[in-house]
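K.L.:
whatever this is, show me its structure:
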Amino acid sequence: MRRSIWLAVFFTLLSVSGALACLNDRETVVVEREFRSRYESASSPGAAESGAAAARGRPDLPTRSEWNVYGMALMLAGVVLIVGDVKFMRRKRPDRLRYAIGLGIAAVPFGAFIYSALLTNGDVRNGGLRTEVITYPAAYELPEIPGGTSFRMAMLHDVLMERYLRHGQAWYEKRNQESRAAIDEERPKPGPTTRMLDSMDDLAVGLENLHKSGEAAAVMRDKLILLPHIDIKPPAAPAPISRTGYSAEREEVERLEQIVAAAKMPPEMHQQYTARANLGTSLIHGAFPKLLAGDAAAQDQMREGLELIEQAISINPGAHFGRETWQAIVVRHFLATLDHPELRTQFDVIGGDLAEVALQDIRSQMVGYLSAPADWLDANASIEDRVAERTRIPSVDTSATWSAIVDPELASQVPFDEPALALMGMWMLGGGPNPNSAMAMADIAVQVGQYEIAWDGFERALEMKESLSPDAKVRQTLVDYCAKQQAVIAKYESPDAPDEWTTKTRQRHVAELAWARQYQDDYHAWEAKQIAAGIALDDPSFYTGFFHGRPSIASPVGHVDEVEKRFFAPDSILDGAPAGVLLAGIFMLLAAMSKARGP
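P.N.:
Below is the predicted model:
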């Protein structure tokens with residue numbers, strides 16, 4: 001029985017080996033920067049203004065005024081009341097008509113003034129003739145870490161649909177050849193040179209991408225031997241803390257201050273960081289086949305890999321989308337399934353409850369908004385301001401039952417962009433698509449109201465369903481969950497024709513995925529062609545011909561990351577006229593019903 005559980009877990013771990021990747025070399029930084037630029041430059045094209053202008057939406061996003069149907073209805077009600085008052089007084093109280101009209105005329109500016117004065121600087125005033133619609137960036141556009149990656153919904157969609165660029169086999173084989181040559185050239189020199197250490201990282205990452213984890217681990221062990229020995233204690237709470245409530249903000253400020261300080265590490269500490277992160281990843285990947293052979297040391301090797309990743313987090317806790325923190329969480333999850341196999345059918349890899357979620361129309365209010373442009377805040381905001389702004393981001397929930405088994409110190413709630421960015425980074429920069437990460441990203445998309453993205457995520461999991469688990473019962477449970485969630489989404493998106501919506505969405509999904517994969521194939525073929533022609537990998541024109549006249553692989557950002565807020569627009573007295581006219585009608589009615597004073 002114990003052996004069957006180990007075998008089942010092996011296949012599950014094998015299917016998510018890409019999700020556990022946490023690779024670091026010089027090219028990783030370039031790839032991440034280019035990935036970010038495809039989205040951030042599209043939605044934040046210019047430097048933001050400071051001061052009052054910044055507080056009224058982002059300069060590159062539109063502001064407009066629109067007629068307010070409630071105000072127009074209020075105006076109409078006032079006019080009808082006035083007309084009725086006049087007709088009544090002409091028939092019944094002609095002696096009060098002149099007095100009532102005078103009172104009504106005086107009431108109009110008075111009512112408009114009172115309405116505007118009492119209801120300033122708030123949200124929608126439904127009695128005004130016009131409202132000012134100001135577009136703000138969503139709160140998640142402000143990255144957790146200064147200068148970090150700013151989340152966009154299009155990123156999540158594109159990673160699931162493989163709309164990102166990644167080097168091919170020919171590129172890594174060529175760079176491995178160059179890295180070995182650089183290492184051999186630098187080895188005779190006194191002390192390990194920076195070029196040698198960087199080349200060792202490049203070689204290890206290249207070997208890992210060519211599925212040679214054992215060789216990659218050996219290179220990183222050699223690097224650690226060359227580096228001075230240092231004692232690193234794993235972080236006391238390596239997982240993200242809960243961001244719920246004001247009382248947690250001080251802890252969050254302290255955590256971010258530590259991350260900012262760690263980012264200024266000296267070059268020698270950066271080498272310590274990359275060696276541990278790369279070695280930990282290779283050890284975890286290398287442990288999987290040993291599990292199949294029944295090697296008792298396999299679990300120890302995985303735990304050694306986890307310990308190294310935690311040491312890397314201690315050195316640089318905010319690196320690479322924050323994915324190392326979440327990589328450690330995912331590893332702990334699968335290690336916990338050795339003794340608690342029920343976790344595989346009850347929770348996703350970040351502790352989300354695999355229960356069918358009742359959808360609701362949360363898309364209009366599911367995101368907070370930033371009080372100033374995201375790029376302005378990112379460059380100028382204090383840590384305290386950053387934490388305060390990011391409290392507006394909706395959270396994803398971690399099950400208390402899951403946390404108690406996996407790690408009692410794990411968070412109960414975190415802003416959704418943090419695990420989303422981490423899962424995306426592990427998928428895109430690690431071993432590629434896998435069903436468990438697809439399911440986790442789909443669950444996140446459901447919680448933030450992005451139901452079509454969620455549908456795509458569940459569809460990706462179903463496309464890779466054979467890798468969900470070798471256990472037929474477990475696999476079928478997860479397949480049923482994904483299919484049910486898709487059915488709920490289809491019914492929500494198209495209540496009258498869910499089957500038709502599903503058919504059209506699946507056709508779009510298949511065509512888009514095929515397009516993205518062809519783009520990747522063409523990219524890899526171009527790399528192989530350039531390498532065969534003797535073009536150096538670092539030649540600035542290496543990819544020029546490939547991209548000329550070719551559309552971007554990334555999706556357009558669109559408007560999904562924008563939040564509209566409506567304000568009363570008191571540009572003139574007419575904007576408060578509905579309240580004044582209604583007050584005039586009320587005063588005239590009171591005048592008509594009152595008794596005239598005698599002599």
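K.L.:
switch to C-alpha atoms for all contacts and neighbour counts from now on
P.N.:
Fine.
K.L.:
run a quick neighbour tally on residue 335.
P.N.:
Neighbour count of residue 335, defined by other Cα atoms under 10 Å: 18.
K.L.:
packing partners of the particular helix or strand that has it in it?
P.N.:
In the assignment (DSSP states H and E), residue 335 maps to helix 323-336. Helix 323-336 is packed against helix 297-315, helix 400-406, helix 417-429, with contacts defined by 3 or more Cα pairs under 8 Å, 6 or more residues apart in numbering; DSSP states H and E.
K.L.:
need the winner for burial among those helices.
P.N.:
When the helices and strands packed on helix 323-336 are scored by mean count of other Cα atoms under 10 Å, the highest mean neighbour count falls to helix 417-429 (a mean of 24).
K.L.:
mean confidence score for that one?
P.N.:
The average pLDDT for helix 417-429 rounds to 89.
K.L.:
same thing with stretch 447-459?
P.N.:
On average, stretch 447-459 scores 94.
K.L.:
now that stretch - C-alpha only, PDB.
P.N.:
The C-alpha trace of stretch 447-459 is given here as PDB (Å, rounded to 0.1, in the frame of the first residue of the first chain):
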ATOM      1  CA  GLN A 447     -11.800  34.200  -7.600                       C
ATOM      2  CA  VAL A 448     -11.100  37.500  -9.400                       C
ATOM      3  CA  GLY A 449     -14.000  37.200 -11.900                       C
ATOM      4  CA  GLN A 450     -12.000  36.400 -15.000                       C
ATOM      5  CA  TYR A 451     -14.200  33.500 -16.100                       C
ATOM      6  CA  GLU A 452     -13.100  33.000 -19.700                       C
ATOM      7  CA  ILE A 453      -9.400  32.900 -18.600                       C
ATOM      8  CA  ALA A 454     -10.500  30.400 -15.900                       C
ATOM      9  CA  TRP A 455     -12.200  28.300 -18.600                       C
ATOM     10  CA  ASP A 456      -9.000  28.300 -20.600                       C
ATOM     11  CA  GLY A 457      -7.000  27.200 -17.500                       C
ATOM     12  CA  PHE A 458      -9.400  24.300 -16.800                       C
ATOM     13  CA  GLU A 459      -9.300  23.300 -20.500                       C
END
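K.L.:
and it, how far from the chain's centre?
P.N.:
13 Å (Cα atoms, centre = their mean, to the nearest Å).
K.L.:
rewinding a little: so which of the helices and strands packed on helix 323-336 gets nearest residue 276?
P.N.:
Minimum separation from residue 276 across the helices and strands packed on helix 323-336 (Cα to Cα) falls at helix 297-315, 5.2 Å.
K.L.:
elements contacting the closest one?
P.N.:
helix 267-292, helix 323-336.
K.L.:
which other helices and strands does the first one contact?
P.N.:
When you say that, I think you mean helix 267-292. helix 2-15, helix 194-209, helix 213-226, helix 297-315.
K.L.:
list the buried residues in the third one.
P.N.:
For helix 213-226, the buried set under the neighbour-count rule, 16 or more other Cα atoms under 10 Å, comprises 213, 214, 215, 216, 217, 219, 220, 221, 223, 224.
K.L.:
which segments of this protein make up each domain?
P.N.:
2-55+138-547, 69-123+572-599 (automatic domain parsing).
K.L.:
which one of the buried residues of helix 213-226 sits closest to residue 374?
P.N.:
The nearest one, if we look at these relative to residue 374 and count by Cα to Cα, is residue 220, at 38.3 Å.
K.L.:
touching, that closest one and residue 278? I think so.
P.N.:
Yes - applying Cα atoms under 8 Å, one finds residue 220 in contact with residue 278, separated by 6.9 Å.
K.L.:
need the residues touching each of those two.
P.N.:
Applying Cα atoms under 8 Å, 6 or more residues apart in numbering, one finds that residue 220 and residue 278 are jointly contacted by 201, 204.
K.L.:
got the phi/psi numbers for the closest residue to residue 263 other than its chain neighbours?
P.N.:
Distances taken as Cα to Cα, 6 or more residues apart in numbering put residue 316 closest to residue 263, at 6.2 Å, once the chain neighbours are dropped. Taking degrees, to the nearest 10, you get phi -140, psi 80 for the backbone angles of residue 316.
K.L.:
residue 316: neighbouring residues, count only.
P.N.:
Neighbours of residue 316 (other Cα under 10 Å): 25.
K.L.:
do the same with residue 537
P.N.:
16.
K.L.:
check contacts around it.
P.N.:
Contacts of residue 537 (Cα under 8 Å, 6+ apart): 171, 175, 531.
K.L.:
tabulate the residues you listed (JSON lines), appending distance to residue 131 and pLDDT.
P.N.:
Formatted as JSON lines, the contacts of residue 537 follow (distance: Cα to Cα, whole Å; pLDDT from 0 to 100):
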{"residue": "171", "distance to residue 131": "56", "pLDDT": "97"}
{"residue": "175", "distance to residue 131": "59", "pLDDT": "96"}
{"residue": "531", "distance to residue 131": "59", "pLDDT": "98"}
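K.L.:
quick one, what contacts the most centrally placed residue in the chain?
P.N.:
By Cα atoms, centre = their mean, the chain has its centre lying nearest to residue 417, at 3.2 Å. The contact partners of residue 417, by Cα under 8 Å, 6+ apart, come to 140, 151.
K.L.:
so it versus residue 230, what's the distance?
P.N.:
Residue 417 sits at a distance of 33 Å from residue 230 (criterion: Cα to Cα, to the nearest Å).
K.L.:
so which elements touch the lengthiest helix in the chain?
P.N.:
The longest helix of the chain (DSSP state H) is helix 498-532. On a contact count with 3+ Cα pairs under 8 Å, 6+ apart, helix 498-532 meets helix 169-186, helix 472-493.
K.L.:
contacts for the last one, please.
P.N.:
When contacts are taken as Cα under 8 Å, 6+ apart, the neighbours of helix 472-493 outside the stretch itself are 344-345, 354-359, 439, 451-452, 455, 458-459, 461-462, 465-466, 468-469, 497-499, 501-502.
K.L.:
quick one, which of these are buried?
P.N.:
344-345, 354, 359, 439, 451-452, 455, 458-459, 461-462, 465-466, 468-469, 498, 501-502.
K.L.:
where does the prediction get shaky in the stretch 251-400 of the chain?
P.N.:
For the stretch 251-400 of the chain, the stretches flagged by pLDDT under 70 are 288-295, 318-322, 356-358, 360-367.
K.L.:
wait, residue 201 touches residue 24, no?
P.N.:
Yes - if you go by Cα under 8 Å, residue 201 and residue 24 touch, sitting 6.9 Å apart.
K.L.:
okay, and the common contacts of these two?
P.N.:
274, 278.
K.L.:
returning to that earlier point: any idea how far residue 282 is from the residue nearest to residue 263?
P.N.:
19 Å.
K.L.:
do the same with residue 485
P.N.:
Distance from residue 485 to residue 282, by Cα to Cα: 35 Å.
K.L.:
who has more neighbours out of these two?
P.N.:
residue 282 (30 against 24).
K.L.:
give the contact list for that one.
P.N.:
So residue 282 contacts 208, 213, 214, 216, 217, 305 (Cα under 8 Å, 6+ apart).
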